[in-house]
Each structure stands twice: as C-alpha cells, then as structure tokens.
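K.L.:
Here you go, sequence then predicted model.
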Amino acid sequence: MSSLLPPVITVDGPSGSGKGTICRLLANALGWSLLDSGALYRLTAVAARHHGVSLDDVESLQVMAAHLDVQFLSESADGELKIILEGEEVTQTIRTENVGADASVVAALGPVRQALLQRQRDFAQLPGLIADGRDMGTVVFPEACLKIYLDASAEERASRRYNQLISKGLSASLEDILIDIKSRDDRDMNRTVAPLKPAPNAVILDTTKMTIEEVLEVVLDEAKHKGLR
Ligand SMILES: Nc1ncnc2c1ncn2[C@@H]1O[C@H](COP(=O)(O)OP(=O)(O)O)[C@@H](O)[C@H]1O
Ligand SMILES: Nc1ccn([C@H]2C[C@H](O)[C@@H](COP(=O)(O)OP(=O)(O)O)O2)c(=O)n1
C-alpha cells in the first residue's frame, strides 16, 4: 500500500558544504518545496536580540521559538525566499556570520529544538519537500525516502564562504572565517541534542573537489534510483 505522506529528501551537513545551493537547485528541478531549517534557528537568534533576550535564557528562547512570527515569501529576484520576521524584512540580516554563530548557540538547546520540530514537519506537503539542515535525516524526517549528507574540508568550506562574501561586496577575512567554521562544526557536532552526523542510511558526498553541477548530478541520480523523478 503506498503511503499518503509527501516524499522528503533530506540534505544535511556542515556550514559551507553546499546544502543551500544544492537544495534550491533540487527543489527547482523536482518542483518540490524547500525547508531552510537553519533559517529558523537564525530567526530565533535574531528575535532574541530584538527582544533583549540573553542566549542563555533557555525558557524565554523556547517561548520565542514556539511563537516565531515569520513568513517565507517566494518573491525575491534571485530566487531566494524573502523572509519577514515580526513584519520586518530580515532576508539579508539573518545571513551574517554573527547571526550564524548565535544560531549555533541557540540550536544547542533541546527545548528550542523541540519548539521548532512540528513547524519544520509542517513544511512536508505534496508533491514533496527538500529539507536542508543538520538533523533533517536523523531527527526531523527519519522516514525520508532519500537522505544526503554533504561534506567538504573545513579549508574548502571557509574558502567558499569567503568568496561568497567577497562577491557580495562585503569585507571578509579567510582566517577568521576558518576559525568560525571550525568552532561552529565543533558546537554542531558535539552537542548532546540532535548533533550533526550522517543518518545511518545517508548517501555521503565529500564535495571538496566536486563542482556544484557534479554534486547536483549525483543527487539527481540517487533520486532517480528511488523513483523520485
Ligand atoms: N561543490 C561546490 N563547489 C564550489 N562551490 C560551492 C559548492 N557548493 C557550494 N558552493 C558555494 O559555496 C558557498 C556556500 O554554499 P551554501 O550552499 O550556502 O552552503 P551551506 O548551505 O551548506 O552553508 C556558496 O557561495 C556556493 O555557491
Ligand atoms: N536543522 C538545523 C539547522 C541549523 N542548525 C544550526 C546549526 C548552524 O550552525 C546554525 C545555522 O544553520 P545554517 O544552515 O543556516 O548555516 P550554514 O548556512 O550552513 O552556515 O543553525 C541546527 O542546529 N539544525
């Protein structure tokens, strides 16, 4: 008997491994919707700053995460979702390295993760969902029909992030980015709740020497083998 649950493809991995890029391309190729779960942790961190809530005030952070007033609008010119938090556009604000570091701190708190769990699962709608994050295949969508884990060396990921910032006209230090990436890896992989790790049945891709096109081709092939396209 076939399940009525929408199919889900999960893409997990560390910062700069290419999850966001591959997920956007996959969602376009398959015509499925997209969950950027990292944005929810980033938004919780930004909301905390807006409301003067300290990043160690677990109870207030949990309430904030459970009641995040956020809209994802597919209106942005570059195909990225426009993100509105409490009526204010924060599409660019949430992408800074500082917010990423705060998000990683907030994301280590079990009650915050619990508060965001159902909101993430609600993104699964027909014809299907591409879920981008750290624990998509292990915790949020353990029944996903295809699980991908993207990786790359910390040096390659830092260099990708550096080029990304420079191409946006922002100043950046490769050395600082590498330090930040390593400390975020350490926090994300070694926390007690939902640590970053491949699901037992995940397809693991080391993308250090792969182009975006090559990664996409492998993932689309895997989707084809599963009868998803
Ligand atoms: N395989 C790849 N080779 C080279 N650059 C890549 C690759 N995958 C992603 N990138 C680039 O690296 C940067 C970070 O990718 P992104 O998708 O934001 O990573 P993540 O979502 O995992 O943090 C982007 O500028 C993207 O274009
Ligand atoms: N499902 C998720 C997604 C993100 N997080 C945390 C861990 C990350 O350091 C931050 C920010 O995630 P995000 O995917 O936006 O960050 P990168 O684009 O990979 O740099 O949130 C998480 O714990 N679980």
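P.N.:
Everything's here; your move. This structure is a prediction, so every number in the text was calculated from the model and none was measured. Residues are numbered from 1 along each chain as shown. Ligands and ions are numbered 1, 2, ... in the order given.

K.L.:
Quick check: the residue of this protein nearest ligand 2.
P.N.:
Residue of the chain nearest ligand 2, by CB to the nearest ligand atom: G38 (2.3 Å). Heads up, the C-betas are built off the backbone N, CA and C, glycines and all.

K.L.:
That residue against A131, yeah?
P.N.:
No - counting by CB atoms under 8 Å, G38 does not reach A131; the two are 10.8 Å apart.

K.L.:
out of those two, which sits in the busier spot?
P.N.:
More crowded of G38 and A131, by other CB atoms under 10 Å: A131, with 28 against 20.

K.L.:
part of a strand, is that one?
P.N.:
Yes - under DSSP: H, G, I helix; E, B strand; the rest coil, A131 falls within a strand.

K.L.:
Please tell me how far it sits from ligand 1.
P.N.:
12 Å (CB to the nearest ligand atom, to the nearest Å).

K.L.:
go on, I22?
P.N.:
7 Å.

K.L.:
repeat for D185
P.N.:
Relative to ligand 1, and taking CB to the nearest ligand atom, D185 is found at 11 Å.

K.L.:
Point out the other helices and strands that the helix or strand hosting that residue packs with.
P.N.:
Assigned by DSSP states H and E, D185 belongs to helix 174-190. Packing partners of helix 174-190 (3 or more CB pairs under 8 Å, 6 or more residues apart in numbering; DSSP states H and E): helix 97-106, helix 154-167.

K.L.:
got the contact list for it?
P.N.:
With contact meaning CB atoms under 8 Å, 6 or more residues apart in numbering, helix 174-190 is reached by 14-16, 97, 100-101, 104-105, 107-108, 134, 154-155, 157-159, 161-162, 165, 195-197.

K.L.:
try stretch 88-100
P.N.:
15, 39, 42-43, 45-46, 76, 80-85, 161, 177, 180, 184.

K.L.:
Quick check on those residues: which are buried?
P.N.:
15, 39, 42-43, 45-46, 81, 83, 85, 161, 177, 180, 184 (16 or more other CB atoms under 10 Å).

K.L.:
Which of those residues scores worst on pLDDT?
P.N.:
Sorting the buried ones among the contacts of stretch 88-100 by pLDDT puts L81 at the bottom of the list (82).

K.L.:
returning to that earlier point: winner for burial among the helices and strands packed on helix 174-190?
P.N.:
helix 97-106 (a mean of 19; mean count of other CB atoms under 10 Å).

K.L.:
CA atoms only for that one - export them in CSV, please.
P.N.:
Provided in CSV are the C-alpha atoms of helix 97-106 (Å, rounded to 0.1, in the frame of the first residue of the first chain):
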residue,chain,number,x,y,z
GLU,A,97,28.4,35.2,10.2
ASN,A,98,27.5,36.7,13.7
VAL,A,99,23.9,35.5,13.4
GLY,A,100,25.2,32.1,12.2
ALA,A,101,27.3,31.8,15.3
ASP,A,102,24.4,32.9,17.6
ALA,A,103,22.1,30.4,15.8
SER,A,104,24.5,27.6,16.5
VAL,A,105,24.4,28.5,20.2
VAL,A,106,20.6,28.7,20.3
